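Trainee: predicted model follows, preceded by the sequence.
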Amino acid sequence: DLASAHEKLQKFDKTLYVYITANKANFNFESVPEKYKALAGENNERAVDCFRENIQKTDVPYFISADIKDELEYPAFYTTGIHWSRTFEQKVSERVIADIADIAGKNYRNIILGEVKASSAPFWRDTDVFDLLNVWNEPECTYYEYVAEREDFEGYDEIRWLVQGDSFAQGLRKDILDLYPFEEFYYINYD
């Protein structure tokens with residue numbers, strides 16, 4: 001289906017790009033309760049592995065964000081949240097913009113990730129689960145976020161994207177529109 005959609009979109013000079021967001025259990029597998037590990041069984045295949053095996057048989061451009069796990073300098077997930085950490089999210093946004101610019105042959109301005117801020121206060125969604133479940137305590141953690149700047153140059157192509165995804169895709173939307181509020185970014189949440 002993705003290969004068919006990719007082929008049809010190319011006829012209209014549009015680019016399909018699929019990126020798979022990371023799974024917290026893949027980064028912290030030791031924290032998954034044994035009862036859930038037992039449900040998986042020995043012969044089960046992870047969905048992301050099945051996806052990779054099949055997408056490689058096509059020419060659909062894709063990126064599996066967990067593949068940059070070893071490149072991360074800061075936590076990928078915090079125990080206080082279900083979403084990936086702000087720094088991981090920013091790294092993925094930078095990568096996705098660069099990939100799509102390259103694939104589409106566009107001259108998009110990317111975000112520039114500078115120094116990292118550390119704080120005892122969370123950045124954006126770093127404590128989403130903690131905030132939902134805990135009304136009495138404060139999180140005891142150090143959170144990180146890149147200081148992001150806009151890339152400025154003349155002759156750039158404005159981003160005009162349609163993104164369909166879940167809450168993880170909201171980070172890409174946030175990263176682009178925080179720095180480039182006049183780009184065209186349409187976001188469809190699965191739910």
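Mentor: Yep, that arrived.

Trainee: so the closest residue in space to residue 162 that isn't next to it in sequence is in which element?
Mentor: Spatial nearest neighbour of residue 162, chain neighbours left out: residue 186 (4.7 Å); criterion: CB to CB, 6 or more residues apart in numbering. In this view, the C-beta of every residue, glycine as well, is placed from N, C-alpha and C. Secondary structure from DSSP states H and E places residue 186 in strand 184-189.

Trainee: just checking: what are the partner strands of that strand?
Mentor: strand 160-165 (parallel) (DSSP bridges).

Trainee: residue ranges for the strands of this structure, please.
Mentor: Ranges of strands in the chain, per DSSP state E, are 18-20, 62-64, 111-119, 143-150, 160-165, 184-189.

Trainee: could you dump the ones you listed to JSON lines with distance to residue 9, mean neighbour count and mean pLDDT?
Mentor: Putting the strands of the chain into JSON lines (distance: least, CB to CB, whole Å; neighbours: other CB atoms under 10 Å; pLDDT from 0 to 100) gives the following:
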{"stretch": "strand 18-20", "distance to residue 9": "12", "mean neighbour count": "17", "mean pLDDT": "95"}
{"stretch": "strand 62-64", "distance to residue 9": "14", "mean neighbour count": "16", "mean pLDDT": "97"}
{"stretch": "strand 111-119", "distance to residue 9": "25", "mean neighbour count": "13", "mean pLDDT": "97"}
{"stretch": "strand 143-150", "distance to residue 9": "28", "mean neighbour count": "17", "mean pLDDT": "97"}
{"stretch": "strand 160-165", "distance to residue 9": "10", "mean neighbour count": "14", "mean pLDDT": "93"}
{"stretch": "strand 184-189", "distance to residue 9": "15", "mean neighbour count": "12", "mean pLDDT": "91"}
